[in-house]
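Asker: Just the structure for this:
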Amino acid sequence: MKIIPPFRLKPEPLTEEARNLPKFKWATEEMGTRHQLGGSPQHIQSEFRPVCPDCKEKMTFYAQLDSINDEFCLADCGMIYVFVCFDCFTVEAFIESY
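Answerer: The predicted structure follows:
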């Protein structure tokens with residue numbers, strides 16, 4: 001299993017509509033800023049690393065994407081986690097929430 005060095009991802013709104021999206025009303029300041037590429041996932045629930053359905057090896061954590069705001073909230077301020085197998089190029093993604 002490969003480990004990708006960690007990168008902080010900072011979303012940049014590309015349109016006026018995106019720039020004008022309201023922030024979360026009730027969530028903490030960190031919500032919407034937890035996007036990341038590589039490193040170790042910041043699991044909300046229990047730590048989980050999927051196994052590739054093809055080769056049966058543990059998959060590499062690739063990225064996590066945070067909720068955006070109240071309108072585009074992923075299951076109660078959750079995140080999407082993406083894992084990849086670099087041998088088979090199989091991808092698995094799932095959501096965790098509070």
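
Asker: going forward, measure contacts between C-alpha atoms and count neighbours the same way
Answerer: OK.

Asker: count of neighbours near the closest residue to residue 55 other than its chain neighbours?
Answerer: Counting by Cα to Cα, 6 or more residues apart in numbering, residue 88 is the residue found nearest to residue 55 once chain neighbours are left out, at 7.2 Å. Per other Cα atoms under 10 Å, the neighbour tally for residue 88 reads 13.

Asker: where exactly do the strands run in this structure?
Answerer: 7-8, 36-37, 60-66, 79-85, 90-96 (DSSP state E).

Asker: partner residues bridging the residue nearest to the spatial centre of the chain?
Answerer: By Cα atoms, centre = their mean, the chain has its centre lying nearest to residue 64, at 1.7 Å. Counting by DSSP bridges, residue 64 is bridged to residue 36, residue 81.

Asker: how about the helices in the protein?
Answerer: Ranges of helices within the chain are 16-19, based on DSSP state H.

Asker: Can you tell me the closest non-neighbouring residue to residue 25?
Answerer: Excluding the flanking residues, the one nearest residue 25 by Cα to Cα, 6+ apart is residue 70, at 7.1 Å.

Asker: wait, doesn't the one you found sit right on residue 21?
Answerer: No. Counting by Cα atoms under 8 Å, residue 70 stays clear of residue 21, with 9.6 Å between them.
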